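1. Give me the fold of what follows.
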Amino acid sequence: MMKRILSAALTVSLLASASATHAQQAPPQAPINPRQVPPPPPQPGQERGATVIKSFSDLVLIDVQVTDKSGKPVKGLKPEQFRLYEDNKEQKISSHDYYDIETIETAGAQDQSPVMVSLGAVATPEKVREMVRDRRMIVLFFDMTSLEVDEIPRAVNAATRYITTQMTPADLVAVVSFGNRLGVLSNFTNNRDFLKRAVASLQPGKDTQLAGLADAAAASGEEAVTQDTGAAFTADDTEFNIFNTDRKLAALEGLCDLLRPIPGKKSVVQFTGGITQTGQENRSQLRAATDAANRANVSLYTVDMQGLKAEMPGGDATAASASGTAMFSGASVFRQTSSRNDSRETLATLATDTGGKSFFDTGDFKEVFDTVQADTSGYYLLGYYSANTLKDGKWRSVRVKVEMPGVKVRWREGYYAAKDYGRFTAEDRERQLEEAMRAENPRVELPLVVDTSQFRLSDNEIFLPIAAKLASSALEWAEKRGRKEAEFDFAAEARVELAENRYGPAVGALRDTMRVKLDAGQFQQVQQRALVYQGGLILGPGRYRLKFLARENETGRIGTFEQEVVISSRDASKLQLSSVLLSSQVEPVRKQAEVEKKAFAEDVKMKKSPLEVGGERVIPSVTRVFTTQQRLYILFQAYLPSKVDASLLRAGLVFFRNGQRVSETPVIEPAEFDAKSRTASFRLSVPLEKLGQGRYMVQAIVVQAGGEQSAFARGYFALRAPAAPAKPAAGAGE
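-> I've put the predicted structure just below:
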């Protein structure tokens, strides 16, 4: 497995393009993300209550509950009977539909048919829409990281009683837990026995160890009450709390992302011991969780499982004896109260901003489920395109009126508008990268092609060079002081495969920021060229999913690329080869003045990269498309068994087209040999003018002269004619 999480050999090269080759072209063996262009959006006495709004670009969906004096849903209202206002400006209602939960709810149990709807990607949206039509969807969400050992049985019993006595024929229920990871214990179903087994599987364990560490650090100027362990150094809890709170909020965001593909309103009942927000550091993640809920049409009902209890000064028996002066000054009591209030404030914010409700100091959990069912007994789904097209990220207040006397209307107070990239804070930008890296679907706003190869550093360390090519014509360049500038963020991570389509945490990662500054002459040249980023990871043998991300920082456009990587173990008794790396350009090993680099990880401590031979660095060809006017540079390495004499090694190349052998090179000796790692490096160059156009396989063959050891590896490329020169304008030169 991977020993280090590092970045390696990071540079940006400006490559002369063989032609106007862009990232969308598909060279041999180079998978490319499909380009998906979404259609442009169209242009465009009552109580505020607890329903949810969904926003995508300018499209807003809001579900509205209308009830009579007795609390029964009012059906049959027409679109013209509604008045909808955003920031006190009336909006035109473009869609109107009614979800009649009461129809199924009043049906007999014998009329129920089994239903199962998976959380996550929806393969057949129309089929799922029919399955959940007029259904109430409730998620029982257990935050095991915040629940104390004695709180888990109360949460389990409350959920079991609801499933047994309160669940109606209209209810589809899912069970989700969050511990070390977000786990779906049951998809949406009306099978009570299955749900009971899922809830019963929740038991106190190592996940609950985080619950006792959820309090925020003491305020400035106040001496904290802490356990005296006698340790020479005790880490500050603040950083842990920031991380722990972000994990809880990120879990909610992830759950909402799972629910988003399922149409209709969803209610999440969160059993928790509290979420303590430590200040500005968590604000970005709190808003991200709220926005995810709004986009997914989710209402959060937060339930504080601590219930009604008295606080003991200095803490209860779960904490050791305290030290410091705070317990004598009264600061400890204020801190205990403040910590619990901070926790409740975050829960209340989540519930209020998503159209749900929070429950504190309660032991009667029947009220929780009665409220959820009452809020979703029947609702109208109204859609409109906001007349306010500004993407300023500000709060938009929403108000709904119904032209019918004596009715009670419940709706959501508002939502946060989308935000232009130029208005992003530093936290917003980091959040965007994290979400893009975590997303299942590729991001294709920035055309991108990525290629990798493998070079062995030792038996258990393999260097994985990563080269990414961006067409400069697709980039946004800022002009500053007569120079053109562009800034890019690059990130990559490798996750080890646990099982089919299941991957563990990142075991290798890199992160880098590059700024390219060009004068007028350089900019004119680079318009016909491509930008190539070079980085790398060191991994051990195994199967991985590699995900690479590039972001252009003028507009915030992102491109992502994924591929499976298989790294085999070393067989020390056999001669083995690296990947065959193809290139059309080499450059001296030096730092380019026009490129500024900011790394976010420690550089790999290698004397030099395997891509450097004889004082020159080989620049990988990402697309592997060449012209007959170019020279092909080929680099590969041979890894020798201990008994093989390096002076006897010889290597050559054989070219195949359409399965036929068409050319070969003379055999050569290694260009370099590293006696410590027993690695021989070969670098050859071949003029391409004598080869015809087409697709080729090049086979590198290494043999031990007079011996029994031999090995081969293959690479693939395409060869075509050079681009025709541009025709001069009429009258030019006269």
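
2. CA atoms for contacts and neighbours, from now on please.
-> OK.

3. Nearest to the spatial middle of this protein, which residue is it?
-> Per Cα atoms, centre = their mean, the C-alpha nearest to the average position across the chain is that of R438, at 1.6 Å.

4. K266: neighbouring residues, count only.
-> Summarising burial for K266: neighbours were counted as other Cα atoms under 10 Å, giving 25.

5. L457 contacts S677, doesn't it?
-> Yes: contact between L457 and S677 holds when scored by Cα atoms under 8 Å: they sit 7.2 Å apart.

6. okay, the two: which has more neighbours?
-> Set L457 next to S677 and count neighbours by other Cα under 10 Å: L457 wins out with 18 against 14.

7. what separates the more buried one from G508, distance-wise?
-> Plainly put, L457 is 16 Å away from G508 if you go by Cα to Cα, to the nearest Å.

8. now do K266
-> When distances are taken as Cα to Cα, K266 and G508 turn out to be 36 Å apart.

9. now swap in E253 and tell me
-> For E253, the distance to G508 (Cα to Cα) stands at 24 Å.

10. Low-confidence stretches in the stretch 1-150 of the chain?
-> 1-58, 107-112, 121-123 (pLDDT under 70).

11. can you check the chain too?
-> Per-residue confidence for the chain (pLDDT under 70) gives these ranges: 1-58, 107-112, 121-123, 205-244, 276-282, 307-343, 525-529, 590-607, 724-734.

12. hey, where'd the helices end up in it?
-> When secondary structure is read from DSSP state H, the chain shows helices at 101-105, 125-132, 151-161, 192-200, 237-259, 283-295, 326-329, 331-353, 366-375, 426-438, 520-526.

13. just those: most buried one?
-> Comparing these by mean neighbour count (mean count of other Cα atoms under 10 Å), helix 283-295 ranks first with a mean of 23.

14. and the angle from that helix to helix 426-438?
-> With axes from the mean of the first three to the mean of the last three Cα atoms, to 10 degrees applied, the angle from helix 283-295 to helix 426-438 works out at 50 degrees.

15. Helix 283-295 packs against which elements?
-> In terms of contacts (3 or more Cα pairs under 8 Å, 6 or more residues apart in numbering; DSSP states H and E), helix 283-295 is packed against strand 53-56, helix 237-259, helix 331-353, strand 414-416, helix 426-438.

16. just how off-centre is it within its chain?
-> 15 Å (Cα atoms, centre = their mean, to the nearest Å).

17. Any idea how far apart the tips of stretch 515-534 sit?
-> 14 Å.

18. do you know how far the closest residue to L381 other than its chain neighbours is from T189?
-> In this structure, L381 finds its nearest non-sequential neighbour in D63, 4.3 Å apart by Cα to Cα, 6 or more residues apart in numbering. Plainly put, D63 is 23 Å away from T189 if you go by Cα to Cα.

19. Compare the two and say which one has the larger neighbour count.
-> The neighbour comparison of D63 against T189 (other Cα under 10 Å) goes to D63, with 27 against 20.

20. and P722, how many neighbours?
-> Neighbouring residues of P722 were enumerated by other Cα under 10 Å; the total is 13.

21. Is it in contact with V625, as I believe?
-> No: here P722 lies out of contact with V625, judged by Cα under 8 Å, at a distance of 10.9 Å.

22. who wins for proximity to T168 among the helices of the chain?
-> Evaluated with Cα to Cα, the helices of the chain place helix 101-105 nearest to T168, the distance being 5.8 Å.

23. Could I get the CA-only coordinates of that closest one as CSV?
-> Included here for helix 101-105 are C-alpha records, laid out as CSV according to Å, rounded to 0.1, in the frame of the first residue of the first chain:
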residue,chain,number,x,y,z
ILE,A,101,-50.5,12.0,0.4
GLU,A,102,-53.9,11.5,2.1
THR,A,103,-55.2,9.2,-0.7
ILE,A,104,-52.6,6.5,0.1
GLU,A,105,-52.5,7.3,3.8
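
24. Just the strands from the stretch 501-650 of the chain, written as ranges.
-> All strands of the stretch 501-650 of the chain, identified by DSSP state E, counting those that start in this stretch, fall at 502-518, 529-539, 542-552, 557-567, 576-577, 581-583, 585-588, 595-599, 612-613, 616-619, 625-627, 631-639, 649-657.
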